[in-house]
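**Q** A predicted structure for the sequence below; I have some questions about it.
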Amino acid sequence: SATAVKTSCIFTLFHSTVLAVRFLLLSAASGIGSCQSYTDCNPNVYYGSMLDDANNMSIIPPRKSLHDLIQSTHRTSLPYTSYSSSQKDVWAALSSLDSDESGENVWLIYGDKWTPVSPRDDGTCSSWNREHLWPTSRGVGEEGYDNTDLHHLRPADCNVNSARSNRLFGSCGIGSPLSMCTIPANSEAANDTERDSVSFLPPENSRGDIARAILYMDLRYDGVDCGGEASQNVIDLIVTDCPDSRQMGYLSQLLEWHTADPPDEREKRRNNEVCEYWQGNRNPFVDFPHLARAYFGSPKSLTGDGMGYDCTTPMLSTPSPTKSPGEQTVDQGTCLEMQQGDVAIVGIQSTDPDMIVLLALADLPAGGGLYITDNAWTGFELKSNEGVKKLTIPSDGISSGTMFGYDAHSGSLLYLGNSWTFGGGSFALSVSGDNVIVYCLNGDGSTQFLYAAIYQSDWSAENPDASVFSSNESALPSTLPENCAVSLPESKRNVWYHGRFFGSKNEMLNDISNQENWMNDGELSDLFTQLLSSSPSSPPTKAPIEPGSCSGMQNGDIAIIGIKSLDPDMIELLALSDLPGEAAIFITDNAWTGFALKSNEGVKKLNIPPDGIPSGTIFGYDTSTETFLYLGESWVGESGRLALSASGDNIMVYCINGGSINFLYAAIYQNNWSIGTSDPTAFSTSESALPNSLPANTAISLVMTNKNYWYHGSYEGSKAELLVSIADQNNWSADDDSS
């Protein structure tokens, strides 16, 4: 009889009466009709020559060697579900591996409790089901060895499994604000679980088990299946602190859990049974915990503020184990270390011609590639019914603070607006609402989302059924932190950011993701100009940022009244208001592009004396060794080299107000102000745009072709009257005398 066969098989396999009884009961309950035993699963035999005389792994084997071992000994791949009573499947395996001694209950990995083996989930989500610790949406195939690898499959309550979804393993607050945390993660989860939009924290006494399972998957799967042939169902699984949509995290948290919750007897027994009775291979991190640090390094510290880990330094996870020293390295992809939030969307125009304005919040690497798409993200994949555009970043990169983007208009003034190439489909923004997702590609072809925006709608719930998403609907990629996306459900067809353009990357991301900092209209036909003219402050710059240096100073409180470009350089200033003591002002000959100050020239800083500078005082900057100009030698270098050009230059006077540049006055000589453009290379050292935050009478354009200029008009009148007089070219004289 079938039962007799099972009993005989079981007592051959197991050496303890308790295990024999447990497996026998499960055989009858779960329909196991055959079994096998791998005789080389004893660790001393399995690892062989990798062990020392004391059967310890004191010498760390090459990662590739250990990968090859656990891959080549993975000799059985169970069906996920078997419809034959004579064939084992994952249900049967979990019913055995994770059961109690009676065989009547299984341990729920997220519930931290026992539940009856039967009934199991029948599709109604009323019982337990099979949890992939490494989700299928993060790289595990829908079939094949990785899909049914028992080292990362566990029983879980169906509802808690759904609550976990494909979230990364970690505590709340890593990639999302703590205010979004739910404790416990689900009403049926253990009390010490938690989740937010990005992370899922399992019960404390399961964390080490989960960590070792994830580390095993990273080591085991390198994009090649057991037979040695590349498989479309198996990709190189990577666990990292900076995961994209096809990777797992958070590595540092997992390494901490691995140390805090070492393997216990139940986990060791499970590892033995997976090898001996089910699939033939072992999890080395259960057998030799010290391997984790050897292959994956030490945990990093969190940066805080829901911004995750520092992703500007090399990741802790190691390259694919199939590459030996000296072999050709894998394709680096197009990201080249670009991370979430390195680019933000600051404008969308869906009225023809389409335009998407982007802002670099970090230096973008030369040769990297950016993609924009209006395809929907389902939570599992990008649809392909709309379009993709690709930009190859120029050879000099894109500097932080640069505004650039995509423009369907052939004569675009937007930097790189016409440099995007076809990436697939038809990219055309809908006037009735759409989404825009910015991303790059990792070396394995997986997607690294950088920023996302949606207008005239809000983000939809994830759904594996792509057909439920219309052309103006999309889910938000769960790998994106909350401040790396903006939702504008009440907007019209054209939207643009009009908040501040100064602060740290994180501060900028927080502001740009705030709906209240956006404007919109339905008829706009030139978003680029509107974005420039409506911004209440200037875009990011590499000029010194010192909160509070203005101390109340306003446009026109200082005016430029003299420029000497023949050595020694001199800039004469006139205080038109009382300048507050201990405030600071800056002068620069860097060009203003209309979006940012360039950084190829110089900046000088003056700390105003404690007793201030009274209105009506002439002072300034002087490079001569014996200056008679008040405070002429009191300026200090901030950056670069300030050296006025005898063939024309510009001068900006500004202070810092709460992290934003507050322009006070501007002058240009031997030239007129240029039109603003986000392409910084368009400006020579003698060219500059005029900051749009300056009123007309707080700047002077001196088009004469001389080298030295001075104001010779009236010094009597109100501040407003003097500004008008100083801004009049007719009130200026010029010569080429070096004295």
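**A** On my side now, so go ahead. Numbering: from 1, shown residues only.
**Q** what residues are up against the closest residue to residue 456 other than its chain neighbours?
**A** Nearest residue to residue 456 in three dimensions, chain neighbours excluded: residue 433, at 3.1 Å (Cβ to Cβ, 6 or more residues apart in numbering). (C-beta placed from N, C-alpha, C; glycine too.) Shown in contact with residue 433 (Cβ atoms under 8 Å, 6 or more residues apart in numbering): 454, 455, 456, 457, 472.
**Q** Closest to residue 732 out of those?
**A** Taking Cβ to Cβ as the measure, residue 732 sits nearest to residue 455 out of the contacts of residue 433, at 48.6 Å.
**Q** so the closest one touches residue 434, yeah?
**A** Yes: the pair residue 455 and residue 434 qualifies as a contact (Cβ atoms under 8 Å) at a distance of 6.7 Å.
**Q** Show me whatever sits in contact with both of those two.
**A** residue 350.
**Q** higher neighbour count, these two?
**A** A direct count of neighbours by other Cβ atoms under 10 Å for residue 455 and residue 434 places residue 455 higher, at 29 against 25.
**Q** Restrict stretch 47-64 to CA atoms and write it as PDB.
**A** Taking Å, rounded to 0.1, in the frame of the first residue of the first chain, the C-alpha atoms of stretch 47-64 are listed here in PDB:
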ATOM      1  CA  TYR A  47      32.300  21.100   2.700                       C
ATOM      2  CA  GLY A  48      35.200  18.600   2.400                       C
ATOM      3  CA  SER A  49      38.600  20.300   1.700                       C
ATOM      4  CA  MET A  50      37.200  23.700   2.700                       C
ATOM      5  CA  LEU A  51      37.500  22.600   6.300                       C
ATOM      6  CA  ASP A  52      40.600  22.500   8.500                       C
ATOM      7  CA  ASP A  53      41.600  19.500  10.700                       C
ATOM      8  CA  ALA A  54      39.100  20.600  13.400                       C
ATOM      9  CA  ASN A  55      36.300  20.700  10.700                       C
ATOM     10  CA  ASN A  56      36.100  24.500  11.000                       C
ATOM     11  CA  MET A  57      36.200  26.900   8.100                       C
ATOM     12  CA  SER A  58      39.100  28.900   9.400                       C
ATOM     13  CA  ILE A  59      40.300  29.800   6.000                       C
ATOM     14  CA  ILE A  60      37.600  31.700   4.000                       C
ATOM     15  CA  PRO A  61      37.100  30.000   0.700                       C
ATOM     16  CA  PRO A  62      36.700  32.100  -2.500                       C
ATOM     17  CA  ARG A  63      33.100  33.200  -2.800                       C
ATOM     18  CA  LYS A  64      32.900  31.600  -6.200                       C
END
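**Q** Same question for that stretch: list its buried residues.
**A** Of all the residues in stretch 47-64, those buried under the rule 16 or more other Cβ atoms under 10 Å are 47, 50, 51, 57, 61, 63, 64.
**Q** ok, which pair from those residues is furthest apart?
**A** For the buried residues of stretch 47-64, the farthest-apart pair by Cβ to Cβ is 51 and 64; their separation is 17.8 Å.
**Q** Quick check: residue 40 touching residue 47?
**A** No: look at residue 40 against residue 47 with Cβ under 8 Å: they stay out of range, at 10.2 Å.
**Q** Tell me the secondary structure at the closest residue to residue 343 other than its chain neighbours.
**A** Nearest residue to residue 343 in three dimensions, chain neighbours excluded: residue 450, at 4.9 Å (Cβ to Cβ, 6+ apart). At residue 450 the chain is in strand, as set by DSSP: H, G, I helix; E, B strand; the rest coil.
**Q** begin at 883 from here
**A** Okay, residue one is now 883; in that scheme the one you just asked about reads as residue 1332.
**Q** ok, residue 1332 - how many residues close by?
**A** When neighbours are defined as other Cβ under 10 Å, residue 1332 has 28 of them.
**Q** ok, it to residue 1126 distance?
**A** Residue 1332 sits 10 Å away from residue 1126, going by Cβ to Cβ, to the nearest Å.
**Q** Distance to residue 1055, secondary structure and pLDDT for the buried residues of stretch 929-946 - can I get that in TSV?
**A** Output for those, formatted as TSV (distance: Cβ to Cβ, whole Å; DSSP: H, G, I helix; E, B strand; the rest coil; pLDDT from 0 to 100):
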residue	distance to residue 1055	secondary structure	pLDDT
929	39	coil	95
932	40	helix	92
933	41	coil	90
939	36	coil	90
943	37	coil	90
945	32	helix	90
946	36	helix	90
